[in-house]
Structures are given as structure tokens and as C-alpha cells.
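>>> this one's structure only:
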């Protein structure tokens, strides 16, 4: 939704922040208007969180100014939030609406004839103060906040973050500032936060790595690069297109600058004998352009996953597996066979057992039901939610090397310095102590330390929580190209769509289901299945029961799927996915700006092909529904 007001509520001008020798913000400026929906992106350590803290009044810049609208109310969720340990969950959440509660207290304390009554009542009404308790309970429910009577010191990290998130949004502020609001939230909670922000009456500025979330709710993207802000109209997808165009323009400008310098350098070397005013002006122009230098280009990290050893015929097989912890059965009757090349995403609400399933698969936990057989050549590399603890006094080199100067890279060795440089560590930073690293550098260091362990079966539990968007894209590309097996738990829909060839979903009721394809396809199939069940129930409710007729012959038994039909049903989803991918590929060709130059002569052929492919897709869906119906009837 585009903002419908150009009235500025906050303006930051020429902000500068320096940490030691590093200039984090370099004359950064931003104006926020009523109803703005702004997403901020950039590498970890680029200054995003610093800027948010400045706007929230928790940090002062080294230079620059801020101008705010009078009585501006700001709600802020930081990455390093704090909760009041003296208050329970409910009291911490309610504290987020302190300014509303203060207004209500003033209103109730005034004598009935006070002239301020009407003013306060109108202000409370605009803030929906009278509906505060209802909004509080609704938000706590949708965000899966723990029971209101719970003590803060009994909560997990994820539970504390949901409490802090609820506290930030409950006050209905004029400006909502959110730093990684989707971390540790399950898909249903993320969906609710997205709906909340779409209808939010104020402005918001948020930092998140969740690209689907950015696509859905933002109308402006601000990129932080080299301490400077670049603003783009539109959502995340629009930003990617616009940024590519900006970079192409910058490359063209730099190309022209180099052409000018080469031409003028030849003139300078010839050294005209008579230096006229005109030639001196030309020389000054040369030195001016030469002194400008090329624009700074942010380097992309080259993520290195060592080549894995060969997997055997058996990778991991689960047969009738189940797990009960603390008297609660998390899942049961689960059969699954992992095969080489699979990239499986694990999705579902928090608390259903996703991490437990990972530990059962890698052999850290023995199932309480059924069996798990791990192939003799299967070597796991498990990256858990807590990651590894970094030792603050060590240097980057010491932390990753652990006494060695090489990384085993397949059958070869890669020098540790070369390995670290691919994670964007310069020679200077390689010798820096961990305690002096930025948040982004710490995340890259953790990845470097973990991924050097190799393995042919990568198991990642919430790998996206602490990574910036450029690093996420590189990680996705590395996982897609990985020649072993990948299993990943994530709530990041964009990540699951890019990486996964199948989804294991915790549906509740102790069930884990498998769907071929990416996360969007799983959601689409689930919606169709839910609709079919709902329509079936509706039909059974409204239809008139038929007269009792004694069946004869084969009609007395519901037909079962034949062996051949069963195999056909098992493979039809993969065919549907392949057909949809082919349709998307052809449609993408038509969208290319140079389509007519490259493919103009194939237009009729491509049109016929996409029509035939869509017809094939319709046939596959019809056959899938037919076989599903037979299977349900037999069941």
C-alpha cells in the first residue's frame, strides 16, 4: 500500500556515526512521512540497527540532526531488547502502552467539569485506548505469547522476543520501528504480523531478512551501502530491479570516466610545449576526474562449502518413527527415505517438534517408536539454532583455524587465509579479535567455522535468522549447488522456495506430511485439500440421504487403487511441479526486455508450446483428483 500522506513526521539529516576507524553512517539522510511503509536492507554491520537506535532515541549520532513532529509516539523493537524481570508477561506487554495508560489515568483523575476532558477523550479515542485490553489479548494470542502470569526469567529466547514484539505494537504508535520482527516467529504469527502492519494506521520502518515479508507489506525500500542511503519506490522485488538498473548506470558512468581518462592521459603524456589557459583548464579537468575515483562496490561473499564425500545407496531411512518427550507425543508413524540430491525443508508452528525431528534423523536422539537407519557413508554437518559460541579473545584466524593453517577442501587443502577472504575478511580483519567484530562479521565468522567441517548431509536449523540478505542469497545458491543432501528448518518462505525440492510439514495432531516441490506449492496443495474436505463435508450435510438399496455385485465394494495407479499417484505431483516450472520458464522468456531480438522468430512456436503445456497441466490435475477420489473412497 502506498503511503497516502506527504506530511513528514521525522527527518534525519546528514547523520554520521563512526566506530573507531570505521565510518558506519556517512551523511545519511531520510524523511519519514505519515503512513510510510519502509523496509531497510543492507549487509550486517552496514549501520541499519545503529540508524534505528538513533531514531528511537537510544543512541546519539556523532554528527547530523533530527527533526520530529511534536508529540510523536514511537514504538521500538530492537534486536537486543530488554524486559522487566520484576513484571510478568502480561505486565511487560501492557507497559508498551504506557503513554495511553497515562492519558487514561489523567482523564479519570480530572474533575468532570475540566476543560481538558474533551481533549483527552479525543486523544484516547484516536489511540483506541478504550479497546486496549481487547487488542492486548488479541495480539498475545496471535503471536503465541506465553501465559500472562509467566515470569520473564522462565521464558526461552524465542518466547521473550514474542513478548517484546507484542509490547512494541500494542501502543498504536505514530511510528513503529522494528529490527528483525519475524525472527523466532512461526508462519502463522508472521502472517498475522504482516496483516497487522498492512492495516497499521501509522508509519513503520523495519529491518528484516524475510524477503517475502518485505514484498508483501513495504512500499519503499531503503538500502544502506557504504554508509549512504539509496531509496527505491516499491517492494523488495521492485528494489532488486531498480538496483540492477542503478548499478548498470553506474557501470556506464565509470566506463565513460575511464574512456575520458585514457584519452586525456595520452594528451598529458604528449606534454604540449605551450601551456595556454585552455590547456591548463583541460589539465585541471583531468586531475579532477582522476581524483574522483570509481564508486565503491560492495563485494559479494563467495560461500565455500567443501566438496562432500560420496553418499552411499542408503542415506537415512525412517520407518514408523515417533518421538515422545516429557510425556508429550510430538510425532509418530513417520516413514521417510532420504535420497542423494534431496533438499528438504521442514516447516510448521513452533513447539511441534521440528528440531527434535532433526536430532532424531542425525542420531542425537533415539526415537521412542520405530527405527532410524543411517547409511555407513553418511556424514552429517549439523548447524543448530544456537550455533557455536565464539571465543571473544581469539582472533578470526585462531577462531576458525583451531591450531591449523589449512581447510580440508575435498581431496585438497585450502589455506585458511584464502578461505576466510571468501567470507569477506580482509588481512587486517583476519587478525582482529572476535570481541571487536561487527554483528555481520560475527555471523560470517560463524558460517566459516561451521561450514569448514564438510559433510555430505547438511542439516541446518533456522539458518536465516542472523544473516543479511546478500549472505542469504549466496547461501541459497551454495545449497542449491551442493551435491549431497540438505535438510533445513526455516520459517523464511522465500528461502524455502529457492532451496527446497520437498517440504516436510508438521500439521499438528502428531502428523508429519511430505509434499514434493517448494513451499508455495505445498501451501497451494494444502489449500486445495482443505477446500476439497470442506466441500465434501458441505455436500454431505445438504444432500438428501439416498433410499436404502442393497448393492449387488462389485458395487458392494469400493474400488481400490491398483498397484499401477498407486505408483502413478505417487509420481503425479512431481510431474505437476515439472510442468508448472516449464510454464514459468516460457512465461519468463516473454517477459525479457530483449525477447523480440532473441526469440522473435520463435513466438508462434513458444505460444503453441505454452498452450500445450497448460493443457497438459490441466490433465494432470484432473487425473490427480480422480486418483485421490478413488483412494479416499477405498479408505
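Structure's in. What do you need? On a predicted model such as this, the values are computed, not experimentally measured, just so you know.

>>> now the end-to-end length of stretch 356-373.
Distance across stretch 356-373, first residue to last, is 16 Å (CA to CA, to the nearest Å).

>>> Quick one: mean pLDDT for that stretch?
Averaged across stretch 356-373, the pLDDT comes to 94.

>>> Need the residues that contact it.
Residues from elsewhere that reach stretch 356-373 (CB atoms under 8 Å, 6 or more residues apart in numbering): 314, 316-325, 330-334, 338, 346, 374, 380, 382, 457, 459, 461, 487, 489, 504, 512. Quick note: C-beta positions are derived from backbone N, CA and C, even for glycine.

>>> Weed out the non-buried ones from those residues.
In these, burial by neighbour count holds for 316-318, 321-324, 330-332, 334, 338, 346, 374, 380, 382, 457, 459, 461, 487, 489, 504, 512, counting by 16 or more other CB atoms under 10 Å.

>>> What count of nearby residues applies to the residue nearest to residue 128 when sequence neighbours are not counted?
Excluding the flanking residues, the one nearest residue 128 by CB to CB, 6 or more residues apart in numbering is residue 172, at 5.8 Å. Taking other CB atoms under 10 Å as the criterion, the count of residues near residue 172 is 22.

>>> if I read this right, residue 497 contacts residue 520, doesn't it?
Yes: with contact defined as CB atoms under 8 Å, residue 497 reaches residue 520; the gap is 5.6 Å.

>>> Next, the contact list for the closest residue in space to residue 390 that isn't next to it in sequence, please.
Using CB to CB, 6+ apart and skipping the chain neighbours, the partner closest in space to residue 390 is residue 434 (5.0 Å). Counting by CB under 8 Å, 6+ apart, residue 434 touches 390-396, 399, 442, 445.

>>> Out of these, grab the one that's most surrounded.
Per-residue neighbour counts (other CB under 10 Å) across the contacts of residue 434 peak at residue 396, which has 26 neighbours.

>>> show me where pLDDT drops low in the stretch 451-600 of the chain?
Residue ranges of the stretch 451-600 of the chain with pLDDT under 70: 466, 532-559, 590-597, 599-600.

>>> hang on, the earlier thing: have a look at residue 497 and residue 520 and say which one is more surrounded.
residue 497 (18 against 15).

>>> Assumed that one was part of a helix.
Yes: membership of residue 497 in a helix is supported by DSSP: H, G, I helix; E, B strand; the rest coil.

>>> Tell me, how many residues neighbour residue 113?
Residue 113 has 6 nearby residues by other CB under 10 Å.

>>> meant to ask about residue 463
Applying other CB under 10 Å, we find 24 residues neighbouring residue 463.

>>> Have a look at this protein and report its longest helix.
In the chain, with assignment by DSSP state H, the single longest helix is helix 236-270.

>>> how far does that one sit from the chain's center?
Remark: helix 236-270 is offset 33 Å from the chain centroid, using CA atoms, centre = their mean, to the nearest Å.

>>> Also stretch 57-69?
Centroid displacement of stretch 57-69 relative to its chain, using CA atoms, centre = their mean, is 29 Å.

>>> sorry, back to before: the contacts of residue 434 into TSV, with extra columns for pLDDT and secondary structure?
Below are the contacts of residue 434 laid out as TSV (pLDDT from 0 to 100; DSSP: H, G, I helix; E, B strand; the rest coil):
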residue	pLDDT	secondary structure
390	78	coil
391	83	coil
392	86	coil
393	89	coil
394	90	coil
395	92	strand
396	92	helix
399	90	helix
442	77	helix
445	84	helix
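
>>> Relative to residue 176, which of those residues is nearest.
Set against residue 176, the nearest of these by CB to CB is residue 442 (27.2 Å).

>>> which ones are touching the closest one?
390, 434.

>>> Please report how far it lies from residue 36.
Here residue 442 is placed at a distance of 31 Å from residue 36 (CB to CB, to the nearest Å).
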